[in-house]
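Student: Build me a structure from this.
(2 chains)
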Number of protein chains: 2
Amino acid sequence: MSTAPVWSVDPRTGKPREEVASEATEHEVDEAVRAAWAARGALADRGVRAALLRTAAELLDGAAEQVVEAADAETALGPVRLTGELARTTAQLRAFADVVDEGAFLDVRIDHADPDRTPPWPDLRRMKVPLGVVAVYSASNFPLAFSVPGGDTASALAAGCPVVVKAHPAHPATSELCASLLRRAAVRVGLPADVVVLVHGFDAGVALVRHPLVSAAGFTGSVRGGRALFDAAAARPVPIPFHGELGSLNPVVVTRAAAEERGEEIGAGLGASMTLGVGQFCTKPGFVLVPAGAGADALVKALTAAVGDSEAGVMLDHRMRDAFVAGVAERAALDGVGAPVTPGSGGEHTVSAGFLTVSAAVLASSGPHDLLLEECFGPVTVVARYEHPSEIGAVLSRLPGNLTATLQLSAGEAAGSDGGAAGLLLASLTGVAGRVVVDGWPTGVAVAPAQHHGGPYPATTSTSTSVGATAVERWLRPVAYQNTPDLLLPGELREGVGAGVPRRVDGRWEAPTPPLP
Amino acid sequence: MSTAPVWSVDPRTGKPREEVASEATEHEVDEAVRAAWAARGALADRGVRAALLRTAAELLDGAAEQVVEAADAETALGPVRLTGELARTTAQLRAFADVVDEGAFLDVRIDHADPDRTPPWPDLRRMKVPLGVVAVYSASNFPLAFSVPGGDTASALAAGCPVVVKAHPAHPATSELCASLLRRAAVRVGLPADVVVLVHGFDAGVALVRHPLVSAAGFTGSVRGGRALFDAAAARPVPIPFHGELGSLNPVVVTRAAAEERGEEIGAGLGASMTLGVGQFCTKPGFVLVPAGAGADALVKALTAAVGDSEAGVMLDHRMRDAFVAGVAERAALDGVGAPVTPGSGGEHTVSAGFLTVSAAVLASSGPHDLLLEECFGPVTVVARYEHPSEIGAVLSRLPGNLTATLQLSAGEAAGSDGGAAGLLLASLTGVAGRVVVDGWPTGVAVAPAQHHGGPYPATTSTSTSVGATAVERWLRPVAYQNTPDLLLPGELREGVGAGVPRRVDGRWEAPTPPLP
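Tutor: Predicted coordinates for the structure are as follows:
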């Protein structure tokens, strides 16, 4: 393993900015994991975990100017977007603090002994306990919300698990800054700094998922990288859960009635959603089923205008820029693929948005056009025109799993005037995605308790979510205590108030909770 | 792939009883999965699922005599145990029907739109949906409760997933009989029979976990077989969740005070627990930390008496009998291992129970004695004598994961008179197991809502349970609906009563449920 230097690079020029750190050696990864492991006991108290999360949010908000500047210099995402992303990140930390305080995630169930059953039931009390050290792999496209201080870290700390974060090479300086703030927050609430440890380097990332003291991993990134780490996690002598968000096409279905009723609005909305953040959202709508024929012309015209008007943009790094340019060229070269607005290179350091068109009929069976059913990271989408609604189901059944699927309906269809056709479409989309959006756009993932950000593989490698209150469930395992003296039980399982957490006692809900803020 | 005949064999004689079926070819596995897949839509309705589970219980109870006779002829477990196991199995089917009726497992969460937030929240409604076809791998040692009509099948059907069961070769006739009863129950409630399909054969089992239309698997069996199938599930182009229960040592810790206070009772209890069902329970206490010295002599004496008095027994099949005889011989031959009652061959078709002793000190670091920390299936346990309590933690930290861990305390320790030592022991045991038993024995797994039957690898390959109400969670994935017209939503997510299921609406619990029966 090397000790190569880690450089921060300016994507607007491709030039190195500063040397930030060194790639961690295998020995350093071992030290990092052992340090985090040693800190796990300190996280046992729920109160201090909530305080850690809130203090981290406070320190990040306090350093907002510095954080946004660091992230913009490395990612070119711009101060407006990054200020928003920071607000989202600190709101998320606070939301998980509320989750910790409330305690419903412990899923406490108590069955009192029942000697009258055959065979008799013993006293059983079940709750969830932290898994251990969690490895977090940062995303390129969200240097804050899905990176060092992001949802994986926040939910793992909420669960009581120390975290070793593997920084993304596209923003090492931002990662260092955020890690130092999280570690400072830990010390401020009386915890060891090592409840969060940062490492850099590709090989370090591989060593991390293989480390015997790592108990679970969270990942946001590419299918290739995520699958390699998933495979390593599964191949360990002791396999561990690997919660990876890998890739998603995010199909959109526009019914004929919707296209005819509000084609212009849909085309403009699609153009805005697919170019947002230079098309670098995991929820970018990358595949759109639009009816063929003149009735949908207004949609395509509005999309052409919206995408044609968008400015050339800087992608997160030059490797991604090159992959985008090559990916769209390969797709555009397929038989029968048109490009009303040609996506591709927009200059030495930028890319320009565009979209491709194709007949849906060619996608109903396997062939070279299957490439159009794979995610292409960047500002491009594929518009597939269908002649008959029966083609929609045929194409949807060939899609890999997705984070989202979107349905654009007419007012009449939304009101049920179509004899159930919209309901069947919704059921089809439910089969291929973890979030179904009606008459909206999939970009924008609200940090709300009911959110689900996950979906059938390769959207995620598990059935879990990386956003929303239930993301904490990834880092826990249940334990049942049988006939255990009250005095020896964790507070949440004792007779009486049970530390105020919601519980199911002999099947009844106990102590319903106040609303989450 | 062969079409070898599948024979039912009498373990009491080793002689074939009857030819029951043929091993399924790859083509037949494909047909089985497709048939189950085609039936999945019919399971969407929760009412019919509950009816299916209750009708299945009714038909099994109605055929009790026939089922017990078939199972006894193939497993030699005896009519008393098998009558109890059938009662447990049908109670479990009914318990899952109650879980389906109640609907809490759907984990419904609704966040109404909030336009005042930055950014605004859309309307989000989340619930769980069935994963698809589930492959179930039957256990040898529970021909009913962990086989065709067992917990994996019951919980998968409860979740809305059709099931393809791979029969265990130790009880093919029982498997056929139970499958026919389940299929009859399906038809009786208006479902396709193919919501449950049975296949036989080792190769068929491998083909099953690799089939593209199989979405998840449940397994109860050996570490070797389970790990091979887990690896196949993880290596698929689209990996699937594999919930396997593979093996467990089930450590017991006896404190010095407990041994001195009630050594006789503990020794007798241990002897009864480890020989129950000819030691063929996944929760058999296979490793016991007992203090060295005269203070614990009563314990060892009582254990010697209990085990020495136990009758020779017939194991489930001759392959297991041979593995047991070889396994105990290999362990007994290790340096410093004693055998106060020698376990091993008890005759041509039977085995006799026994136990081994060793000094705990030799287990504190790795070496040939590590074999004693591996499960040996059958009526044997290892008693490791410790000089000082500090050895307990050292040995526990070297154990693989377990389904259970048991702590035997004195009355004073249970009452907290020991300055917190018992609490620390309990925390250590929590780290290595999924269920912690105090002053009892781990054999006997109550089918209660709060039950957890799972644990760190290799006890299970996931964080889930195969017994208890939460076992249903294994076969579900969440889906969130965003801004979806009420009319198009599943009933459970609509405004108002929401089909009567418990829900969290804007963070508040809605409609607390009646107690589970």
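Student: how much space between the residue nearest in space to the middle of chain A and chain B?
Tutor: In chain A, the C-alpha nearest the mean C-alpha coordinate belongs to A:Ser466, at 4.9 Å (C-alpha atoms, centre = their mean). In this view, A:Ser466 and chain B are 12 Å apart by C-beta to the nearest C-beta, to the nearest Å. Yep, even glycine has a C-beta here, placed from its N, CA and C like the rest.
Student: I'd guess that residue is in a helix, am I close?
Tutor: No: per DSSP: H, G, I helix; E, B strand; the rest coil, A:Ser466 lies outside any helix segment and is coil.
Student: Pretty sure it sits against A:His243.
Tutor: Yes: at 6.9 Å, A:Ser466 and A:His243 qualify as touching, with contact defined as C-beta atoms under 8 Å.
Student: Can you work out which residues contact both of those two?
Tutor: Common neighbours of A:Ser466 and A:His243, counting by C-beta atoms under 8 Å, 6 or more residues apart in numbering or on different chains, are A:152, A:218, A:460.
Student: Quick check: chain neighbours aside, which residue is closest to the last one?
Tutor: Residue nearest to A:Thr460 in three dimensions, not counting chain neighbours: A:Gly454, with 4.1 Å by C-beta to C-beta, 6 or more residues apart in numbering or on different chains.
Student: now swap in the second one and tell me
Tutor: Excluding the flanking residues, the one nearest A:Gly218 by C-beta to C-beta, 6+ apart is A:Asp152, at 3.5 Å.
Student: And the pLDDT for the one you found?
Tutor: You'll see A:Asp152 listed with a pLDDT of 98.
Student: Could you check chain A and say which of its helices or strands has the lowest average pLDDT?
Tutor: Least confident helix or strand, chain A: strand A:508-510 with a mean of 83, by mean pLDDT, DSSP states H and E.
Student: can that strand be found next to chain B?
Tutor: Yes: interface with chain B: strand A:508-510 contributes A:508-509 (C-beta under 8 Å from any C-beta of the partner chain).
Student: what comes up buried for that strand?
Tutor: A:Trp509 (16 or more other C-beta atoms under 10 Å in any protein chain shown).
Student: so what strands line up beside it?
Tutor: strand A:503-505 (antiparallel) (DSSP bridges).
Student: residues making contact with the strand it pairs with?
Tutor: By C-beta under 8 Å, 6+ apart, the list of residues contacting strand A:503-505 from outside reads A:108-110, A:112, A:492, A:509-511, B:449-450.
Student: Pull the contacting residues for A:Phe242.
Tutor: The contact partners of A:Phe242, by C-beta under 8 Å, 6+ apart, come to A:209, A:216-217, A:219, A:229-230, A:233-234, A:461-462.
Student: Look at A:Ser390 and say how many residues are nearby.
Tutor: Counted by other C-beta atoms under 10 Å in any protein chain shown, the residues lying close to A:Ser390 total 9.
Student: measure it to A:Thr430 for me?
Tutor: A:Ser390 sits 19 Å away from A:Thr430, going by C-beta to C-beta, to the nearest Å.
Student: residues near the residue of the stretch 151-300 of chain A at minimum distance from chain B, how many?
Tutor: In the stretch 151-300 of chain A, no residue comes nearer to chain B than A:Ala234, which is 3.7 Å away by C-beta to the nearest C-beta. Residues contacting A:Ala234 under the criterion other C-beta under 10 Å number 21.
Student: Next, the angle from the one helix or strand it maps to to helix B:223-235.
Tutor: A:Ala234 belongs to helix A:223-235 when assigned by DSSP states H and E. Inter-element angle recorded for helix A:223-235 and helix B:223-235: 170 degrees (by axes from the mean of the first three to the mean of the last three C-alpha atoms, to 10 degrees).
Student: pLDDT of helix A:223-235, averaged?
Tutor: Here helix A:223-235 scores 97 as its mean pLDDT.
Student: Give the other helices and strands that that helix contacts.
Tutor: Under the contact criterion of 3 or more C-beta pairs under 8 Å, 6 or more residues apart in numbering or on different chains; DSSP states H and E, helix A:223-235 touches helix A:202-210, strand A:214-220, strand A:242-245, helix B:223-235.
Student: List the buried residues for that helix?
Tutor: By neighbour count with 16+ other C-beta under 10 Å, helix A:223-235 contains the buried residues A:223, A:226-227, A:229-230, A:232-234.
Student: how far does it sit from the chain's center?
Tutor: Taking C-alpha atoms, centre = their mean, to the nearest Å, one finds helix A:223-235 lying 17 Å from the centre of the chain it belongs to.
Student: What of stretch A:37-57?
Tutor: 23 Å.
Student: what comes into contact with it?
Tutor: Stretch A:37-57 has contacts (C-beta under 8 Å, 6+ apart) with A:90-91, A:93-94, A:96-98, A:100-101, A:103, A:130, A:132-133, A:149, A:154, A:157-158, A:160-162, A:181-182, A:185-186, A:188-192, A:194-195, A:213.
Student: circling back to that earlier point, would you check how far apart the residue nearest to the centre of chain A and A:Ala232 are?
Tutor: Taking C-beta to C-beta, one finds A:Ser466 at 19 Å from A:Ala232.
Student: got the end-to-end distance for stretch A:307-318?
Tutor: Stretch A:307-318 has an end-to-end distance of 22 Å (criterion: C-alpha to C-alpha, to the nearest Å).
Student: And that stretch, what's buried?
Tutor: Applying a neighbour-count criterion of 16+ other C-beta under 10 Å, one finds A:307, A:310, A:313-317 buried in stretch A:307-318.
Student: domain assignment for chain A?
Tutor: Under automatic domain parsing, the residue ranges defining each domain of chain A are A:20-102+A:134-246+A:463-475, A:251-438.
Student: ok, which residues in the stretch 101-250 of chain A are in contact with chain B?
Tutor: Residues of the stretch 101-250 of chain A that fall close to chain B, judged by C-beta under 8 Å from any C-beta: A:107, A:109-111, A:118-119, A:121-122, A:124-126, A:129, A:131, A:230-231, A:234-235, A:238-239, A:241.
Student: ChimeraX command to pick out the buried ones of the residues you listed?
Tutor: Here is the ChimeraX command that picks out the buried ones among those, judged by 16+ other C-beta under 10 Å:
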select /A:107,109,110,111,121,122,124,125,126,129,131,230,234,239,241
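Student: Which ones among the residues of the stretch 101-250 of chain A next to chain B lie within helices?
Tutor: Cross-referencing these against helices under DSSP state H gives A:230-231, A:234-235.
Student: hang on, the earlier thing: kindly reformat the buried residues of helix A:223-235 as TSV containing distance to B:Ala333.
Tutor: Shown next, in TSV, are these (distance: C-beta to C-beta, whole Å):
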residue	distance to B:Ala333
A:Val223	51
A:Gly226	47
A:Arg227	45
A:Leu229	42
A:Phe230	41
A:Ala232	37
A:Ala233	37
A:Ala234	35
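Student: Closest to B:Gly346 out of those residues?
Tutor: Minimum distance to B:Gly346 across the buried residues of helix A:223-235 is 40.7 Å, recorded for A:Ala234 (C-beta to C-beta).
Student: Not counting sequence-adjacent ones, nearest residue to the closest one?
Tutor: Sequence neighbours aside, B:Ala234 is the residue nearest to A:Ala234 in space, at 3.7 Å (criterion: C-beta to C-beta, 6+ apart).
Student: The one you found and B:Pro241, how far apart?
Tutor: Separation of B:Ala234 from B:Pro241 (C-beta to C-beta): 10 Å.
Student: residues contacting A:His452?
Tutor: A:His452 sits next to A:434-435, A:465, A:467-468, A:470, B:126, B:478-480 when contact means C-beta under 8 Å, 6+ apart.
Student: Which one of those residues is nearest to B:Pro340?
Tutor: Nearest to B:Pro340 among those is A:Thr470, at 51.7 Å by C-beta to C-beta.
Student: and the closest one, what are its phi and psi?
Tutor: The phi and psi values for A:Thr470, taken as degrees, to the nearest 10, are phi -80, psi 0.
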